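> no sequence for this one, just the structure:
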């Protein structure tokens, strides 16, 4: 990781000068606007660079994310914070690289209390934004501290605070603003309340409630991380299409059709993104909302799945847990109608720790002095 960090710091100081996300003048227009732009960061879990049909995936279609790419900007050289969940997400939320974040491994670790480990939610909240995180928390790894997200600046939180718990798609319980919500008919690997449905419903309700004020929503979805699990309607279109090797299960659930299930999980993820965009258009706030979609690390090989089945890393070497391009270069797109030019690309090298200063610049507030990231707004496409 030290070599990659050194490269990132080198290009920062060499003066790449904010060449990534928005079209020229976007920041000045945002600053001049009486309404601060809404910011939504949608994060997939273990989605590889080659897992989108717009980036070469041929076994299934991601039509809604492809549409974001067609209407927005593809960030071709954007990097996750790390090769695994907890440190990668810590970089995203803190603006610091893995040499400086406190949460730099997967295990019994979580963000420390304020004023330590300052988050983008705290900064934007103090700038007048309502803030929410829905799904898998990036503020802790294996923890039972259900009120931590609220203490770290999120006005609303609904989801998992334990990454181990987030391996399951039918949770026995979830945290909602410090209160444990139980699902008695769920048993972890099976049940009747799919977590993706719960998170999507909560996110849509959140947008309905907060459409009239500036908001920051971090929608942190589980797909396609193992368990391999998706409601039957999403798996059925792919049954019989692939040469399957049934998975007997161990820590992860057994699955007789891993390839069909994986394809269904990614198309379910794509559907969720489409529902968020449709809601923004329905509410008439799309042109004042920046949506960024990305993944927390490269393609996985676990739980009955192997990234080589569908060429999940695309043309890149390695995947999750590998400090190669396939482990850290992640599919990323930015969408902001009327501000980001359609069908545009940027090959500016950027990373998760650059998100915090970018959000701060768009919100018109100063970034903390002790971060490692640089704002990637404004930009010119390549």
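In hand now; what should we look at? On a predicted model such as this, the values are computed, not experimentally measured, just so you know.
> in the stretch 251-382 of the chain, what spans have low per-residue confidence?
Counting by pLDDT under 70, the stretch 251-382 of the chain has low-confidence residues at 378-380, 382.
> where exactly do the helices run in it?
258-283, 325-328, 355-363 (DSSP state H, counting those that start in this stretch).
> with distance to residue 160 and mean neighbour count added, can I get those helices in JSON lines?
C-beta coordinates here come from the backbone N, C-alpha and C atoms, glycine included. JSON lines is the format used below for those (distance: least, C-beta to C-beta, whole Å; neighbours: other C-beta atoms under 10 Å):
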{"stretch": "helix 258-283", "distance to residue 160": "16", "mean neighbour count": "22"}
{"stretch": "helix 325-328", "distance to residue 160": "23", "mean neighbour count": "24"}
{"stretch": "helix 355-363", "distance to residue 160": "21", "mean neighbour count": "24"}
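> could you name the stretch from those that's closest to residue 179?
helix 258-283 (24.2 Å; C-beta to C-beta).
> quick one, what contacts residue 123?
Shown in contact with residue 123 (C-beta atoms under 8 Å, 6 or more residues apart in numbering): 153, 356, 359-360, 363, 365, 367-368.
> got the phi/psi numbers for it?
Backbone torsions of residue 123, given as degrees, to the nearest 10, read phi -70, psi -50.
> equivalent analysis for residue 220, please.
Main-chain torsions, residue 220, degrees, to the nearest 10: phi -110, psi 90.
> from residue 249, how far out is it?
Distance of residue 220 to residue 249, given as C-beta to C-beta, to the nearest Å: 25 Å.
> and these two? Which one has more around it.
Each of residue 220 and residue 249 has its neighbours counted (other C-beta atoms under 10 Å); residue 220 has more, 24 against 14.
> that one pairs with what?
In this entry, residue 220 is beta-bridged to residue 43, residue 135, by DSSP bridges.
> roughly how far apart are residue 316 and residue 303?
As judged by C-beta to C-beta, residue 316 and residue 303 stand 21 Å apart.
> now tabulate the helices of the stretch 251-382 of the chain in CSV and tack on distance to residue 64.
Listed next are these as CSV, based on distance: least, C-beta to C-beta, whole Å:
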stretch, distance to residue 64
helix 258-283, 3
helix 325-328, 24
helix 355-363, 22
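> give me the neighbour count for the closest residue to residue 47 other than its chain neighbours.
With C-beta to C-beta, 6 or more residues apart in numbering as the measure, residue 295 is the residue that lies nearest to residue 47, at 3.8 Å, once sequence neighbours are left out. Residue 295 is flanked by 27 other residues according to other C-beta under 10 Å.
> okay, and the beta partners of residue 295?
residue 44.
> tell me who's in contact with it.
43-48, 80, 330-332.
> just put those in a markdown table and tack on distance to residue 184.
A markdown table is the format used below for these (distance: C-beta to C-beta, whole Å):
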| residue | distance to residue 184 |
| --- | --- |
| 43 | 29 |
| 44 | 29 |
| 45 | 26 |
| 46 | 29 |
| 47 | 31 |
| 48 | 36 |
| 80 | 36 |
| 330 | 37 |
| 331 | 37 |
| 332 | 39 |
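> state the distance from residue 337 to residue 226.
Here the criterion is C-beta to C-beta. By it, residue 337 lies 35 Å from residue 226.
> okay, the two: which has more neighbours?
Comparing residue 337 with residue 226 by other C-beta under 10 Å, the one with more neighbours is residue 226, at 25 against 17.
> quick revisit: who has more neighbours out of residue 316 and residue 303?
residue 303 (25 against 19).
> how near is that one to residue 259?
Distance from residue 303 to residue 259, counting by C-beta to C-beta: 13 Å.
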